[in-house]
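Visitor: Predicted model and sequence follow; I will ask about them next.
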Amino acid sequence: MSKTANTWDLMKSSWAVLMRDPVLLLFPVVSGVACFLVLLTFIVPALGLGGGGMRSLAHGYGGIGGYLLLFCYYLCNFFVVFFFNAALVDFVNTRLQGGQPTLGGSLRAAAACLPQIAMWAVVASTVGVVLKALESRAGFLGRIVVALVGVAWTLVTYFVVPVIVIERKSALDAIGSSKDLLARTWGKQIVSGLGYGLIGFLLTVPAIIVIGLAVVGLVASQGHHAGGWGSLAVAAVLYLVALGIVLSALRAIFGVVLYLFARTGEAPQGFDAAALRGAIQPA
């Protein structure tokens, strides 16, 4: 079985978990809305810094003020993402352990980890700003090196949120635990990430084609039937939004399963141990 096919089977198992508790979709939805509000909040001060402020917010360019703004944006954005991801982790872990999770209970569990989540957001924001600063000053080869460092950081910290929520460790201890789990399961994150990325791309292709056809049809018809073409394009965009929400939930579910399997060596109920072992073979 190919790695992508293996990931597809694991995605279907994650889908079964999601269908048992479709309320899980609320976590990425609320997180996405909150992140959008955070972005709107920072657009105003970015405009106040002029073009440099907007470039700093988007790409990491600018002076001290620009980097400070970028750090604050990262901090708020990461805090929101980590908080709702922590609640989702608690919900999925409770379900997989045979419990009866609730939205309120999982939100309270995430709230109980606020100090650790906040510290993890500070660490992640600092690393993010440093990498952006290095990237903005590096040449072509330097940017490749910075990108590789960013990938390595993402892999090393893959399990930080599950460790914080489930083991109640501090942010720094969670980074060490995540690194140790990665060392024991090398290749899992790389393979699953590639598989999910490819499958996600394939699922977006139909919508991209529909949007392209709608644009071509609108131009070719010289504005006639604009309502029909526009409705088609809107439907495709809504599909992409819904797909993004579902894939976000599936990745989070899979991350919890991955963590539990890496920690215990046992596949959670509904997941095949052989498929999980296949997912951790080096790429």
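Guide: All right, it came through fine.
Visitor: so how far is I208 from Y259?
Guide: 33 Å (C-beta to C-beta, to the nearest Å). Where C-beta positions appear, they are placed from N, C-alpha and C, glycine not excepted.
Visitor: likewise L172?
Guide: According to C-beta to C-beta, L172 stands 42 Å off from I208.
Visitor: Which parts of the chain are helices?
Guide: 3-20, 26-48, 51-59, 64-96, 103-111, 114-137, 140-156, 160-162, 171-184, 188-220, 226-264, 273-279 (DSSP state H).
Visitor: lowest-confidence stretch among those?
Guide: Among those, helix 51-59 has the lowest mean pLDDT, at a mean of 53.
Visitor: Skipping adjacent residues, who's closest to the residue nearest to the spatial centre of the chain in space?
Guide: Nearest residue to the geometric centre of the chain (C-alpha atoms, centre = their mean): S248, 6.2 Å. In this structure, S248 finds its nearest non-sequential neighbour in P28, 4.0 Å apart by C-beta to C-beta, 6 or more residues apart in numbering.
Visitor: now the one you found: how far from I253?
Guide: Separation of P28 from I253 (C-beta to C-beta) stands at 11 Å.
Visitor: Common neighbours of the two, please.
Guide: Overlap of the contact sets of P28 and I253 (by C-beta atoms under 8 Å, 6 or more residues apart in numbering) consists of L88.
Visitor: Please identify the deepest-packed of the helices of the chain.
Guide: Mean neighbours per residue, mean count of other C-beta atoms under 10 Å, is largest over those for helix 160-162, with a mean of 27.
Visitor: From the contact counts, what lies against that one?
Guide: Packing partners of helix 160-162 (3 or more C-beta pairs under 8 Å, 6 or more residues apart in numbering; DSSP states H and E): helix 64-96, helix 171-184, helix 226-264.
Visitor: list the contacts for the nearest residue to E167 once chain neighbours are set aside?
Guide: Leaving aside its sequence neighbours, E167 sits nearest to S177 (C-beta to C-beta, 6+ apart; 6.9 Å). With contact taken as C-beta under 8 Å, 6+ apart, S177 is in contact with F159, V163, E167, K169.
Visitor: Which among those count as buried?
Guide: Neighbour counting over the contacts of S177 (16 or more other C-beta atoms under 10 Å) leaves F159, V163, K169 as the buried ones.
Visitor: Does the last one touch V163 like I think?
Guide: Yes. K169 is within contact range of V163, at 5.4 Å (criterion: C-beta atoms under 8 Å).
Visitor: quick one on the thing from earlier: min pLDDT across the buried ones among the contacts of S177, which one?
Guide: F159 (90).
Visitor: tell me the contacts of that one?
Guide: A174, S177, S178, L181, L182, G255, L258, Y259, A262.
Visitor: Recalculate using a threshold of 10 Å.
Guide: 166-167, 174-175, 177-182, 185, 189, 255-256, 258-259, 262-263 (C-beta atoms under 10 Å, 6 or more residues apart in numbering).
Visitor: now do A273
Guide: F261, G265, E266, A267.
Visitor: For it, give its distance to L182.
Guide: 20 Å.
Visitor: P268 too?
Guide: From P268 to L182 the distance is 19 Å (C-beta to C-beta).
Visitor: same deal with V17?
Guide: 23 Å.
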